[in-house]
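J.: got a predicted structure plus its sequence, pasted below:
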Amino acid sequence: MMENEYEAVSMARIDTTAPAWEMPFYDAANDTDGTTSSKDLKGSWHVLFYYPADFTFVCPTELKDIADIKSQFDEMGVEIFPVSTDTVFTHKGWVKAEGLLKNMEYKMLADHNGEIADLYNILDMESHLAGRGTFIIDPDGILRGVEVTSGAQGRNSAELVRKLQGLQFMRANPSLACPAKWAPGGTTLTPGIDLVGKVEENM
């Protein structure tokens, strides 16, 4: 883990400073590579979108799903980073070979030694593959959302958008809470003693 302005942490925990990271990337939009870090993203929302491996089966469907709605993430000011324990060279080869990835325009991170996946508690020590994990990090570097899906079950990027909308709303309105299935424009709740036992009346 790199040294940066975030406090040192040993493992990812919700609503605490996210483990810092620095990783190489393959930029599929420009066919280039480089390195980026959590320090570079301070002040902005970003998501580490871990998937098990390149040249697999469910993974390209998930990456196509997030690629199809990239404009929505852009409008929210959210950077999405697909990540696996493959190298940047494997990322490039996969993007060039897999038809589902023809619209891939994200920077794909390479956590090749698995160090960051281990900090986020999704590294399989036997296979050295990362689990299917989504980690939402706010502009202050705080881990605000975690989703880890078992095995071959793919995720839904529309739900990721909804979660981000709710988290951004609550950041802007800290006295309010978003009930189940909340979407922008929906009813919110104001937690307090007067609301106890009367949630139904306020929905």
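T.: That came in fine, so what should we check first? Numbering: from 1, shown residues only.
J.: got the contact list for the residue nearest the centre of the chain?
T.: Residue closest to the average C-alpha location in the chain (C-alpha atoms, centre = their mean): residue 47, at 2.6 Å. Taking C-beta atoms under 8 Å, 6 or more residues apart in numbering, we find residue 47 in contact with 78-81, 134-137, 160, 164. No exception for glycine: its C-beta is placed from N, CA and C like everyone else's.
J.: by neighbour count, which of these wins?
T.: Within the contacts of residue 47, residue 137 tops the neighbour count with 26 neighbours, counted by other C-beta atoms under 10 Å.
J.: domain parsing for the protein?
T.: According to automatic domain parsing, the chain comprises the domains 22-172, 176-203.
J.: residue 12 is nearest to which of those?
T.: Residue 12 sits nearest to domain 22-172 of all the domains of the chain, at 4.5 Å, using C-beta to C-beta.
J.: partner strands of the helix or strand hosting residue 26, with direction?
T.: Using DSSP states H and E, residue 26 sits in strand 22-27. Its sheet considered, strand 22-27 pairs with strand 32-37 (antiparallel), strand 107-110 (antiparallel) by DSSP bridges.
J.: average pLDDT across it?
T.: What strand 22-27 shows for mean pLDDT is 98.
J.: touching that strand from outside, list them.
T.: Applying C-beta under 8 Å, 6+ apart, the external contacts of strand 22-27 come out as 2, 32-39, 81, 83, 87-89, 91-92, 95, 107-112, 116.
J.: only C-alpha atoms, please: export it in PDB.
T.: Extracted in PDB, the C-alpha atoms of strand 22-27 (Å, rounded to 0.1, in the frame of the first residue of the first chain):
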ATOM      1  CA  GLU A  22      -1.700   2.700  -6.500                       C
ATOM      2  CA  MET A  23      -2.000   0.500  -9.600                       C
ATOM      3  CA  PRO A  24      -1.100   0.400 -13.200                       C
ATOM      4  CA  PHE A  25      -3.900   0.800 -15.700                       C
ATOM      5  CA  TYR A  26      -4.700   0.100 -19.300                       C
ATOM      6  CA  ASP A  27      -6.800   2.900 -20.800                       C
END
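J.: and for residue 162, nearest residue in space, chain neighbours not counted?
T.: Nearest residue to residue 162, sequence neighbours excluded (C-beta to C-beta, 6 or more residues apart in numbering): residue 183, at 6.1 Å.
J.: how close does that neighbour sit to residue 63?
T.: Residue 183 sits 24 Å away from residue 63, going by C-beta to C-beta, to the nearest Å.
J.: ok, these two, which is more surrounded?
T.: residue 63 (26 against 11).
J.: show me where this structure has strands.
T.: Secondary structure of the chain (DSSP state E): strands located at 22-27, 32-37, 45-50, 78-84, 107-110, 132-137, 143-149.
J.: could you spell out the sheet neighbours of the fourth one, each with its direction?
T.: So that's strand 78-84. Strand partners for strand 78-84, identified by DSSP bridges, are recorded as strand 45-50 (parallel), strand 107-110 (parallel).
J.: got those strands as a markdown table, with mean pLDDT and distance to residue 195 columns?
T.: A markdown table is the format used below for those (pLDDT from 0 to 100; distance: least, C-beta to C-beta, whole Å):
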| stretch | mean pLDDT | distance to residue 195 |
| --- | --- | --- |
| strand 45-50 | 98 | 29 |
| strand 107-110 | 98 | 42 |
